[in-house]
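>>> sequence first, predicted coordinates after that:
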Amino acid sequence: MNLRHLTYFVTAATTGNITRAAEQLSIAQPALSMAIKKLEQELDLELFERIDKRIFLTSEGEVFLQHCKLILQQVEDAQIATAELKGLKKGTVTIGIPSMLGSYFFPKILMSFKRRYPEIKLIVIEAGTQSIRDMLVKGDLDIGVIINDNVPDQLHIEPLITAKMVAVTSIDHPLATLTSITFKQFLSHELIMFRKGYFNREFIDNISQKSNISPNISFETNLLPLILNIVRTGSAITSLLEIVTKEEPQLAAIPFKPTVALDVVMARRKNGYLSIAEKAFYQHVKQETDCHQVL
């Protein structure tokens with residue numbers, strides 16, 4: 001089985017069009033069609049259904065696609081490992097971090113890492129926990145910061161910190177003087193929340209479902225500055241990590257009753273290869289967070 005043919009197959013499956021796939025691969029369309037046909041003959045399986053000018057994976061093709069992606073990822077990992085044996089470095093770390101942690105907890109860690117390893121490039125992707133989990137499994141991220149909940153079996157995790165989730169209002173909001181707030185009280189007010197896929201939204205959705213209460217979400221956005229500004233006006237309240245409120249003026253943090261403590265972990269693929277740069281970053285973050293176990 002030819003690795004090049006596997007790459008052709010994955011590209012064709014992703015685009016759903018032989019012409020576009022051939023353009024991406026910089027090969028002639030007949031050569032791509034022939035390679036896929038040869039692969040099907042070798043497997044004695046039909047991988048695509050062909051309808052007009054589009055192609056669609058068969059059920060056998062769907063299964064084969066997952067294996068191909070894993071094989072190609074492992075080949076890439078092996079190439080990185082081999083290069084490092086020759087004294088080379090990948091030199092790039094791609095990490096996924098949720099918005100609040102990326103803005104209020106990780107900046108000092110990232111900058112201290114850059115001072116220590118100025119030759120390594122960091123690519124930081126802001127995304128929700130759900131997206132980060134998916135990107136890690138697919139190999140689109142090297143390392144991800146997620147909440148220790150619904151973690152896929154393919155991922156290995158390391159504990160980082162425990163962070164408190166609180167209700168957040170403007171300082172002159174009627175709720176601001178409370179020493180604690182129940183979930184029922186919180187859900188009865190007009191809310192501005194992150195969109196689905198972010199850990200604090202997942203938490204509120206789960207609480208709503210368990211309480212059989214429909215939350216009054218009047219604003220949805222992934223823009224943290226917009227959330228903060230709307231809360232400051234008193235137009236709505238939200239739930240955020242307590243570390244955010246310690247850095248932002250005109251906000252009141254009200255602990256939930258019962259207390260909400262989220263376990264934040266660093267995740268990577270169990271079978272994925274960590275380059276020298278990635279190992280250095282992984283260890284650096286663990287060292288830096290040893291003294292910040294509860295936030």
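Sure, I can see it.
>>> specify the beta-bridge partners of the nearest residue to Thr233 once chain neighbours are set aside.
In space, and not counting its chain neighbours, Thr233 is closest to Ser170: 6.8 Å by CB to CB, 6 or more residues apart in numbering. C-beta here means a position set from N, CA and C on the backbone, and glycine is covered the same way. As for beta bridges, Ser170 partners with Leu251 under DSSP bridges.
>>> quick one: pLDDT of Ser170?
In the prediction, the pLDDT value recorded for Ser170 is 96.
>>> check contacts around it.
Residues in contact with Ser170 (CB atoms under 8 Å, 6 or more residues apart in numbering) are Ala176, Val231, Arg232, Thr233, Gly234, Gln250, Leu251, Ala252.
>>> ditto for Ile217
Leu191, Ile192, Met193.
>>> at 7 Å instead, please
With contact taken as CB atoms under 7 Å, 6 or more residues apart in numbering, Ile217 is in contact with Leu191, Met193.
>>> cool, and Ile181?
Applying CB under 7 Å, 6+ apart to Ile181 gives the contacts Ala167, Leu175, Ile254, Phe256, Lys257.
>>> of all the residues you listed, which comes closest to Asn17?
Of all the contacts of Ile181, Asn17 sits closest to Ala167, with 49.0 Å by CB to CB.
>>> quick one: that closest one and Lys257 touch, right?
No: between Ala167 and Lys257 there is no contact under CB atoms under 7 Å: 10.0 Å.
>>> between those two, which is the more surrounded one?
Legend: neighbour count by other CB atoms under 10 Å for Ala167 and Lys257, higher for Ala167 (27 against 14).
>>> surely that one is in a strand?
Yes: under DSSP: H, G, I helix; E, B strand; the rest coil, Ala167 falls within a strand.
>>> which secondary structure element of the protein has the lowest mean pLDDT?
Least confident helix or strand of the chain, by mean pLDDT, DSSP states H and E, is helix 59-85 with a mean of 81.
>>> what packs against that one?
The contact analysis (3 or more CB pairs under 7 Å, 6 or more residues apart in numbering; DSSP states H and E) places helix 59-85 against helix 3-15.
>>> how big is the angle separating the helix it packs on from helix 59-85?
Orientation note: helix 3-15 sits at an angle of 120 degrees relative to helix 59-85 (axes from the mean of the first three to the mean of the last three CA atoms, to 10 degrees).
>>> how about the strands in the protein?
For the chain, strands defined by DSSP state E occupy the ranges 48-51, 54-57, 92-97, 121-126, 143-147, 155-170, 191-193, 217-220, 238-241, 251-269.
>>> now render the ones you listed as TSV, adding distance to Ile227.
Output for the strands of the chain, formatted as TSV (distance: least, CB to CB, whole Å):
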stretch	distance to Ile227
strand 48-51	45
strand 54-57	40
strand 92-97	17
strand 121-126	14
strand 143-147	18
strand 155-170	9
strand 191-193	5
strand 217-220	8
strand 238-241	6
strand 251-269	11
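>>> low-confidence ranges in the chain?
For the chain, residues meeting the criterion pLDDT under 70 lie at 80-90, 290-295.
>>> quickly note the distance from the most centrally placed residue in it to Tyr198.
Nearest to the geometric centre of the chain sits Ile132, at 1.0 Å (CA atoms, centre = their mean). According to CB to CB, to the nearest Å, Ile132 and Tyr198 sit 10 Å apart.
>>> doesn't Ser99 make contact with the residue nearest to the centre of the chain?
No: here Ile132 does not reach Ser99: they are 11.2 Å apart, not a contact under CB under 7 Å.
>>> how much space separates Phe105 from Pro98?
Using CB to CB, one gets 10 Å for the distance from Phe105 to Pro98.
>>> which of the strands of the chain sits closest to Ala280?
Closest to Ala280 of these, according to CB to CB: strand 92-97, at 8.2 Å.
>>> need the contacts of Ile181 in a markdown table (columns: distance to Leu122).
Putting the contacts of Ile181 into a markdown table (distance: CB to CB, whole Å) gives the following:
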| residue | distance to Leu122 |
| --- | --- |
| Ala167 | 33 |
| Leu175 | 39 |
| Ile254 | 35 |
| Phe256 | 34 |
| Lys257 | 39 |
